[in-house]
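Chemist: Mind looking at a prediction? Sequence and model below.
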Amino acid sequence: MTNLPTVLVTGASGRTGHLVYEKLKQGSDQFVARGLVRSEESKAKIGGSDDVFIGDIRNCEAIVPAIHGIDALIILTSAAPKMKPGYDPSKGGPPEFYYEEGSYPEQVDWIGQKNQIDAAKEAGVKHIVLVGSMGGTNPNHPLNRMGNGNILVWKRKSEQYLADSGVPYTIIRAGGLLDKEGGKRELLVGKDDELLATVELRTVPRADVAEVCIQALLFEEAKNKAFDLGSKLEGQGSPTTNFKAFFSQISARF
């Protein structure tokens, strides 16, 4: 029998979720990995392993088997807007976006995340890491207008629900996500969207977000804290390696 903590990452077939799932697998001396995806197709996409469960986060009962017996939960589910067909960049103006029926932010980022938090609390999970987005302090943020989904409003609501849940938590509000190599940048913490004021600091590689999720499980200093996550440009500052110190500088609970 193993005494290693079992960690479930939901949204494991998404671009960031998949990175977290792979990092958990690579850290098999520290964790027992599990993933949750929505469909057989998504499961096949990330290798179809036995430790990947299928379930719809909008349905409480459907996610219980994945959550049963875990020690920690990393939530990486998010509604995803789609571009309306027929956009012609030559005509100027921004493209229009929509959400598929049943997949609006209210259903995915609020109800779906609330279901996960409730199921985890019921199962006695000891730590929940939730990845959100910067921009939530501004109700008029352009992301909220996209597809009329108010995505940051609903993300913020589920973050507050987690902070009030009584389960130890870490809320990571990531900046703009970059598909770049991780471990090359100095990571920055901020609060209340202050990093958004500086163009150079408002983005962060997905791989670094994934690493921060994993590191948050290892340090008491990460618990019951919420922070914005950005990064310096590659080559500026020193790549972040001391995560105990990184989490220790954060004081905000929400």
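Modeler: Perfect, I can see it now.

Chemist: mind listing the helices for the chain?
Modeler: For the chain, helices defined by DSSP state H occupy the ranges 15-26, 40-45, 60-67, 105, 113-122, 142-145, 151-163, 206-216, 243-248.

Chemist: Let's have those helices in TSV, adding distance to L4, mean neighbour count and mean pLDDT.
Modeler: To be clear about C-beta, it is placed using only N, CA and C from the backbone, and glycine gets the same treatment. Formatted as TSV, these follow (distance: least, CB to CB, whole Å; neighbours: other CB atoms under 10 Å; pLDDT from 0 to 100):
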stretch	distance to L4	mean neighbour count	mean pLDDT
helix 15-26	11	22	96
helix 40-45	23	14	93
helix 60-67	17	18	96
helix 105	34	28	97
helix 113-122	18	21	98
helix 142-145	37	16	92
helix 151-163	24	22	97
helix 206-216	13	23	97
helix 243-248	19	16	97
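
Chemist: Including distance to L178, could those go into CSV?
Modeler: Listed next are the helices of the chain as CSV, based on distance: least, CB to CB, whole Å:
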stretch, distance to L178
helix 15-26, 11
helix 40-45, 22
helix 60-67, 29
helix 105, 22
helix 113-122, 24
helix 142-145, 17
helix 151-163, 19
helix 206-216, 7
helix 243-248, 19
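
Chemist: Just tell me which of the ones you listed ends up closest to P81.
Modeler: If you check each of these against P81 by CB to CB, helix 151-163 wins as the nearest, at 7.8 Å.

Chemist: What lies in contact with the closest one?
Modeler: Residues from elsewhere that reach helix 151-163, judged by CB atoms under 8 Å, 6 or more residues apart in numbering: 78-79, 81, 105-106, 109-110, 113-114, 117, 128, 130, 132-133, 135-136, 138-139, 141, 143-144, 169, 171, 173, 224, 226, 253-254.
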